[in-house]
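Asks: predicted structure and sequence below. I'll ask about it afterward.
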Amino acid sequence: MKKTVKVLSLILALALVLTGCVGTKVGQGDGRDAEGNLHISIGGTPTVKNDKNAKTYDLFQENKAKFEAAHPGVIVDADGWSFDLKNYMTKAEGGDLPTMYYTSPTEVNNIVDNGYATDITAMVKKYGYDKMLNNEKYGNLYMRDGKYYALVKDGSLYDMGIAYNIDVFRKADLLDENGVPKFPQTWQELAETAQTIKEKTGKAGLAIATKGGQGGWHFINIMWAFGTEFMEQDKDGKWTATFASDEGVAALQYIKDLKWKYNALQDELLADIQVGGRMLSMGDVGMIITQENMLDYYIEQYGLKADNVAMSKMPAGPAGRFSQVGANIWMFSGTDEQVEMCFEWLDMTGQGPTVSDETKEQLKKSYGIRSEKGHIIGIRTANLWMNEDRIKAEQEAMAPYISVDPKFFEDYTEGKGVAYKFEPERCTQQLYAALDTALQEVVLNKDADCKAVLTKVQDDFQKNFLDKE
Amino acid sequence: MAKKIEYKSEGLLTSFDYKRPSVKFSYWMMIAFLVLCCCIALLPVLWAFLSGFKELAEYYSQTPSLLPESISWKKLWDISIKLRIGPAFINSMILFAGCWVGEIVIGGLAGYTMSRLQPKGSKFLFALMLWTMMMPHTLTMVPMFMTWTDFPLIHINFQNTWIPLWTGSMANIFNILLFKNFFDGIPLSYVESAKLDGCSNLGIFARIMVPLSKPIISTVTVFVFNSTWNNFMGPFLYLKDADMATVALRLYTTSKDWTEPEQMLAAFIVMIPSVIVFAICSKQIMGNNVSVGVKG
Amino acid sequence: MENKTVIKKQSKAPYKKLGSRLVEARNQSLMWLLLLPMVFTLILCHWNPIFRGMITSLFHTKGFRMVEFVGLNNFKDVISDTLFLKTLWNTVLYVFWSLLLGVIPPLALAIVLNEVVHFKQGFKIITYLPAIAPALAASLIWMNIFSPSPGGLLNVALKAMGLPISQWLLNEHLTIPLIVVSMTWKGYGVTMLLYLSALQSISQELYEASAIDGAGVWRRLFTVTIPHLGPTMLLFVVNQIIGVFQTFDQPLVMTGGGPNNASTTLGLTSYNLAFSYMQVDRSMALGTVSFIILLVATLFYFKMKKRMED
């Protein structure tokens, strides 16, 4: 028995030694290899050439050679990893993130709060980006507490709107004399339009997301339109959830009616945004809530045709039109030296605010590649950069590749009367997940009491997350 | 064909039982049961495979058809060419070989030691291993990666080496317990007679236990092969050097730009070696009963 | 059982002489030498990360860095979660269904497969196919089978039989059993293989002796075959319970934990806490809670077993 105790204590001691010795290291040391070369890695770039990514791969290799020639002692590496929640934290804790990677704005809070984001304020100022940015309007995307932590990829912003399958609208006899879908102006009209589609074609009128947090992410736009406030802060800084108000309940009732009164939703009611995108591409649904850049993804993934899709701004609710703004954003992980080289890289590849012959050339090439993939080109809604020459350069670069008739997207791009908003303040991911369950309950249960459902969701959210912050 | 069962000398039912018509009837019932099981197993897989030949619209259709409109074997051929598995195959084999040694040799020896030699404290170790299985594993990936990228005390980054992946396989508790279980079940009489012949412990292991444990070795080999062959997350994190990419990783990096039907075909092409390995090993798993092994 | 006692007697024989004590010590250390690589990896790959996690659960964390000692606060947080009891109950349901579907059918299949002499190899390979089928294929198959639209494969079958179509996974009472069905389809091959290899170690003499005693087929099955498979079954059941307690990927992919949290598991909650909300401390606390539940369950089991044996 004594021996057992000895063996056991030896094992425990060993385990503790191991445990104690693993230090955390966020970031990658000084980023230099044995020869003293400085490495930067760009996330989401192809490491292996194949038939589909050949152009992208070649462009990266060409740029890499050019960049390394211009900056001796610096090496640019392609890193095949692109943002994935499943292994983000693993890479971050192991110091294995690419120096520069893109993510979605919904993750910025978590990344900054957990200390994984490199503060790039000094570089933003050094390269003069701060003068080209409209922080009042868009700072929420890339700033926290007055510091810069991110950059918007390609300077391109997006906001939510409604996408239409023109073919389905044609079959439901809902096109105007120009062949453009009759865009519903209010959420009420949208419900009626959806009902018409269902009655005339047998296809679902609207496909909504209800799981993976994406349901809540879309639904808050409707809740805003009905006048919902999500949470408020009292004098002591404590947050209280307030979305189970009459307005919030009315928004939930609207979703419930879509299912049980208008019978206009899809059959697959446990759905993420992929389901809606797939159905839109296949002509199985008339409308979905989405953003412009997702359409390109649906084109590549589900064979959506660029000439079979139209977009409008968000419909109005009792409180007005609201749409959440987002962007693909770059975040950084590395030393100042590395981040500086990343800024050089962005500049050279035409992703910064500066305009030169080189950047014009780069922009043209990247539009060329997108054009070959069948992307929707020519409907950029908003541009992050404030300088006119940058916007002009971009328009010139895309001009030869414009792939869609502007009449199908004017309503969306002009966005008249839309108030753009950012996501709610605290525990956003948890809020989205909580709203998911409310959506699921009302679309699956005919007898659900919207008031009771939303109040329970609010109470749970308050107790489980806001109270425990 | 029906003659076969009249000569059956192994298992629960032998030729003696088959003289009774009711047993004979139930034999054919068993065959019917197996055919049913095969349908449940095979039809969905077959359907998914054939889906790979579908066009995009057909593949995602809300009313899925049973068969694709056309089956073009050229598509299958094109995809297998485009995958360019070549060197990745060798890498996968290196990974498999290391993991096999880890799980069969180290794990098997550990199972044998715990079952037969029982050094002091091994019972306690057994309990510890059971508890370890119960402990939360959701998050072990993160600290493991931190350990391997900056190993305690020696501060070496083990990325781009096989060591993290090989080592991980040595501590597959379930397989070790399987071995232990198997050795526990081997009748003592075999060991006793060998001892009388003057065999040492290791001699017993090599001459009696190993031949007897062919079924379990084959079983675990199948498990090891399947898990290493399909392991994508491990190589993705640890083998960043493109020259070290395994087949699973290669499949991921090459096919992630493809459409889903194409990915489906690619996944099925990559699965072929697993079937072959299973076919080879499963012959070992059955057909040689203990008694046969010992008579020799 | 018999074999163990013999070996024990040998090793615990009262050696008096110093020489034989040395031999004994040498033997002991040699035996531990055989276990050493395994123990080393056990420490490195299991206890190292797990201990870290358990210690982490007592702290407030940023990422994996411990910032502030908070005692049992994280535990209080996860247990007082309004969904905790529901999630725990769901997990128990998963275990129940997976034992019901995952233990007996593969056992029957293995025994039958072992008896059959025709097309043995073919049957074996085909029944094992789901275990090697690509994960992508498995998810496509089950999504289509359980699709709530009229074109879903099960709904087509129901319609053909003149029955009303069902919502399948969207029905909160069906969602757990259906997820378990898909898990079992992918996993039963492994179980079957385990039973098959265990069946191989049954000595033919046992059957013969039993037959000479006049035992019929069924009695032989229940007195020889099943008891011999006992340890394998027990190991598998333990492994299954533990595995299902930590399961998260199937519900994550198939339902995302819905509808209305009807298929959320402890594992999925723990996964979400860590990776979606980046709250490592609470995730670890929840993991530790589920470990303690399992531990109590096993201790209870062993006590019951002992009482029954007495």
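Replies: Perfect, thanks for sending it.

Asks: please state the backbone phi and psi of residue 151?
Replies: Chain wasn't specified; assuming chain A. When read as degrees, to the nearest 10, the backbone of residue A:151 gives phi -130, psi 150.

Asks: chain C is the one I meant
Replies: Torsion angles, degrees, to the nearest 10, at residue C:151: phi -90, psi 0.

Asks: and residue A:351, by the same measure?
Replies: With angles defined as degrees, to the nearest 10, residue A:351 sits at phi -100, psi 0.

Asks: show me what contacts it?
Replies: By C-beta atoms under 8 Å, 6 or more residues apart in numbering or on different chains, the residues touching residue A:351 are A:153, A:154, A:155. For every residue, glycine as well, the C-beta is placed using N, CA and C.

Asks: just the closest of the residues you listed to residue A:423, please.
Replies: Of all those, residue A:153 has the smallest distance to residue A:423: 18.3 Å, by C-beta to C-beta.

Asks: and for that closest one, the neighbour number?
Replies: Under the neighbour criterion other C-beta atoms under 10 Å in any protein chain shown, residue A:153 is assigned a count of 18.

Asks: also the one 10 residues further on?
Replies: As a burial measure, the neighbour count of residue A:163 was computed by other C-beta under 10 Å and equals 26.

Asks: for the helix or strand where it lies, what is the distance to the chain centroid?
Replies: In the assignment (DSSP states H and E), residue A:163 maps to strand A:150-165. Computed by C-alpha atoms, centre = their mean, to the nearest Å, the chain-centroid distance of strand A:150-165 equals 8 Å.

Asks: and which of the contacts of residue A:351 is nearest to chain C?
Replies: Nearest to chain C among the contacts of residue A:351 is residue A:153, at 22.0 Å by C-beta to the nearest C-beta.

Asks: sorry, back to before: so what does the strand holding residue A:163 touch, helix or strand wise?
Replies: If contacts are counted by 3 or more C-beta pairs under 8 Å, 6 or more residues apart in numbering or on different chains; DSSP states H and E, strand A:150-165 sits against helix A:135-142, strand A:285-291, helix A:292-302, strand A:309-313, strand A:321-332, strand A:382-383.

Asks: could I get the CA-only coordinates of the third one as CSV?
Replies: Which is helix A:292-302. The C-alpha coordinates for helix A:292-302 follow below in CSV (Å, rounded to 0.1, in the frame of the first residue of the first chain):
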residue,chain,number,x,y,z
GLU,A,292,-24.7,41.6,-50.3
ASN,A,293,-21.4,39.8,-49.6
MET,A,294,-23.2,36.5,-48.7
LEU,A,295,-24.7,36.4,-52.2
ASP,A,296,-21.2,35.8,-53.6
TYR,A,297,-20.8,32.9,-51.2
TYR,A,298,-24.1,31.4,-52.3
ILE,A,299,-23.0,31.8,-55.9
GLU,A,300,-19.9,29.8,-55.3
GLN,A,301,-21.5,27.2,-53.0
TYR,A,302,-25.0,26.7,-54.3
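
Asks: domain-wise, how is chain A divided?
Replies: As recorded under automatic domain parsing, the domains making up chain A are A:38-156+A:326-404, A:159-323+A:407-468.

Asks: least confident of the helices and strands packed on strand A:150-165, on average?
Replies: When the helices and strands packed on strand A:150-165 are compared on average pLDDT, strand A:382-383 comes out lowest at a mean of 68.

Asks: in the stretch 51-200 of chain B, which spans are helices?
Replies: B:56-59, B:73-83, B:86-100, B:107-112, B:122-134, B:141-149, B:163-170, B:173-184, B:188-196 (DSSP state H, counting those that start in this stretch).

Asks: looking at the domains of chain A, which is nearest to residue C:287?
Replies: domain A:38-156+A:326-404 (14.8 Å).

Asks: that closest one spans what distance, first to last residue?
Replies: 43 Å (C-alpha to C-alpha, to the nearest Å).

Asks: element containing the residue lying closest to residue B:88 once chain neighbours are set aside, please.
Replies: Nearest residue to residue B:88, sequence neighbours excluded (C-beta to C-beta, 6 or more residues apart in numbering or on different chains): residue B:250, at 4.0 Å. Applying DSSP H and E as the criterion places residue B:250 in helix B:247-255.

Asks: what about the next helix or strand after that helix and chain C, touching?
Replies: Sequence order places helix B:260-285 as the next helix or strand after helix B:247-255, per DSSP H and E. Yes: contact between helix B:260-285 and chain C, assessed by C-beta under 8 Å from any C-beta of the partner chain, occurs at B:260, B:263-264, B:267-268, B:270-271, B:274-275, B:278-279, B:282-283, B:285.

Asks: now the buried members of those.
Replies: The neighbour count (16 or more other C-beta atoms under 10 Å in any protein chain shown) marks B:260, B:263, B:264, B:267, B:268, B:270, B:271, B:274, B:278, B:282, B:285 as buried among these.

Asks: so the fifth one touches residue C:134, yeah?
Replies: Yes: if you go by C-beta atoms under 8 Å, residue B:268 and residue C:134 touch, sitting 6.3 Å apart.

Asks: re the thing from before, between the buried ones among the residues of helix B:260-285 next to chain C, which is closest to chain C?
Replies: The shortest approach to chain C among those belongs to residue B:267, at 3.4 Å (C-beta to the nearest C-beta).

Asks: so how far is chain A from that closest one?
Replies: According to C-beta to the nearest C-beta, to the nearest Å, residue B:267 stands 16 Å off from chain A.

Asks: got the contact list for that residue?
Replies: Residues counted as contacts of residue B:267 (C-beta under 8 Å, 6+ apart) are B:251, B:255, C:134, C:135, C:136, C:137.

Asks: wait, what's in contact with the closest residue in space to the fourth one that isn't next to it in sequence?
Replies: Of all residues beyond its chain neighbours, the one nearest residue C:135 is residue B:230 (7.5 Å), with distances taken as C-beta to C-beta, 6+ apart. Neighbouring residues of residue B:230 by C-beta under 8 Å, 6+ apart: B:248, B:274, C:135.

Asks: including pLDDT and distance to residue C:147, could the residues you listed go into CSV?
Replies: CSV is the format used below for the contacts of residue B:230 (pLDDT from 0 to 100; distance: C-beta to C-beta, whole Å):
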residue, pLDDT, distance to residue C:147
B:248, 90, 28
B:274, 90, 28
C:135, 83, 19
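
Asks: in chain C, which helix is the longest?
Replies: Secondary structure of chain C per DSSP state H: the longest helix is helix C:280-309.

Asks: ranking the domains of chain A by burial, who's on top?
Replies: Stretch with highest mean neighbour count among the domains of chain A: domain A:159-323+A:407-468 (a mean of 20; mean count of other C-beta atoms under 10 Å in any protein chain shown).

Asks: how much space between the residue nearest to residue B:88 and residue B:236?
Replies: Distance of residue B:250 to residue B:236, computed by C-beta to C-beta, to the nearest Å: 11 Å.

Asks: my read: residue C:72 touches residue C:58, true?
Replies: Yes: contact criterion C-beta under 8 Å: residue C:72 and residue C:58 qualify, at 7.3 Å.

Asks: who has more neighbours out of these two?
Replies: A side-by-side neighbour count of residue C:72 and residue C:58, using other C-beta under 10 Å, places residue C:58 first with 18 against 11.
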